[in-house]
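> Turn this into a structure:
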Amino acid sequence: MFMPAYQQLAEILRSEKLSRDIYRYTVKAPDIAVSSRPGQFVMVRAGEGLDPLLRRPFSIHQVAEAGALQLLFKTIGKGTQALARLQPGQHMDILGPLGRGFSIAENRLHYLVGGGIGTAPLLFLAKKMLKKNEPSSIKVFLGARTKDELATLVEDFAGMGLNVQIATEDGSLGNKGLVTDLVPLMNHGDPVMVYTCGPHPMLQAVVKLCRSNKWDCQVSLEAIMACGLAACLGCAVLRADLQGYVHVCKDGPVFYADEVAWL
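Predicted coordinates for the structure are as follows:
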């Protein structure tokens, strides 16, 4: 369903440094917040000048009734480093909400599978689910390289009364290994919908796991975006039938796993 997009100069209400290079910002953007759905994203201008020139895409991490919006990001390049220097009282130029979000299935077990910073939109999704689902029907599986990428997020999910299973590649938190190692342990034979976001190799593994278990699966794809409006065509992804392309910013970022090719 089409949702209107708004451009807002959003005041920064709070900045948190969750680890060496992961930040969470809370901003006041009431029009965007009230229109947002889990899985949608925003485009943020990283600076006031022309360097960097292009906006950066970020999943919507959380929203609050008071019109606050949260973004979770990792500093990787010039744009995210510029954002991380902003302080409460300053402003972010934000465009959104954009794209297609998750569709919450009915009468299913809900498995939320997140990898690293890709976990960002799943917290918003979990809060939305809890309005109509019992906590026991929602299982959260989180994976990362090390505990520094997950510790605060694990607390956020657990604080909602959700069952959280954790895997880190170095064994510093939870099980040592990959997040996909955890998921089969929780399969009770009930109908399942999987909602997943993270790096592409993880998504491929999750989709393979879902197919072997005959579970439905929704994936939130990550892509480099220049506009967020399908004008630049830079985020094209091959369709499952190999007969054309879909665009992550407009047709997604959330897709059913059988809508796109997994080559």
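
> any idea how far the residue nearest to the spatial centre of the chain lies from residue 263?
Of all residues in the chain, the one closest to the mean position by CA atoms, centre = their mean is residue 121, 3.0 Å from it. From residue 121 over to residue 263 the distance is 24 Å, taken as CB to CB, to the nearest Å. (Each C-beta comes from the backbone N, C-alpha and C, glycine too.)

> same deal with residue 253?
Using CB to CB, residue 253 is found at 19 Å from residue 263.

> Next: residue 140.
Residue 140 is 29 Å from residue 263, by CB to CB.

> Name the residue in the two with the higher neighbour count.
Taking neighbours as other CB atoms under 10 Å, residue 140 and residue 263 compare with residue 140 leading, 24 against 6.

> which residues does the more buried one contact?
Residue 140 makes contact with 112, 114, 122, 126, 157, 162, 163, 164, 165, according to CB atoms under 8 Å, 6 or more residues apart in numbering.

> tell me which element the fourth one is part of?
Residue 126 belongs to helix 120-129 when assigned by DSSP states H and E.

> Please enumerate residues in contact with that helix?
36-41, 58-63, 71-73, 101-102, 104, 110, 112, 114, 138, 140, 153, 156-157, 160, 162, 195, 197, 220.

> Filter those residues down to just the ones in helices.
153, 156, 157 (DSSP state H).

> ok, and the most crowded of those?
Busiest of the ones in helices among the contacts of helix 120-129 [other CB under 10 Å] is residue 153, holding 26 neighbours.

> Quick check: closest non-adjacent residue to that residue.
Counting by CB to CB, 6 or more residues apart in numbering, residue 119 is the residue found nearest to residue 153 once chain neighbours are left out, at 5.4 Å.

> do the same with residue 179
Nearest residue to residue 179, sequence neighbours excluded (CB to CB, 6+ apart): residue 143, at 2.7 Å.

> Show the contacting residues for the one you found.
113-116, 150, 166-169, 178-180, 182, 198, 202.

> Quick check: bridge partners of it?
As for beta bridges, residue 143 partners with residue 115, residue 167 under DSSP bridges.

> picking that back up, now restrict the contacts of residue 143 to buried residues only.
113-116, 150, 166-168, 178-180, 182, 198, 202 (16 or more other CB atoms under 10 Å).

> now for the biggest strand by length in the chain, which elements pack on it?
Using DSSP state E to define each element, the chain has its longest strand at strand 6-17. Applying 3 or more CB pairs under 8 Å, 6 or more residues apart in numbering; DSSP states H and E, we find strand 6-17 packed against strand 22-28, helix 30-35, strand 91-98.

> Give me the helices and strands touching the first one, please.
In other words, strand 22-28. strand 6-17, strand 68-74, helix 78-84, strand 91-98.

> picking that back up, which member of the buried ones among the contacts of residue 143 is positioned nearest residue 131?
residue 114 (20.0 Å; CB to CB).

> residues contacting the closest one?
Counting by CB under 8 Å, 6+ apart, residue 114 touches 120, 122, 140, 141, 142, 143, 153, 179, 196, 197, 198.

> cool, residue 167 as well?
Residues in contact with residue 167, defined by CB under 8 Å, 6+ apart, are 141, 142, 143, 174, 175, 176, 177, 178, 179, 181, 182.

> That one and residue 213, how far apart?
18 Å.

> do the same with residue 257
Counting by CB to CB, the gap from residue 257 to residue 213 is 12 Å.

> And those two? Which one has more around it.
The residue with more neighbours, out of residue 257 and residue 213, is residue 257; 21 against 14, by other CB under 10 Å.

> Not counting its neighbours along the chain, what's nearest the more buried one?
Among residues not flanking residue 257 along the chain, residue 217 sits closest, at 4.1 Å (CB to CB, 6+ apart).
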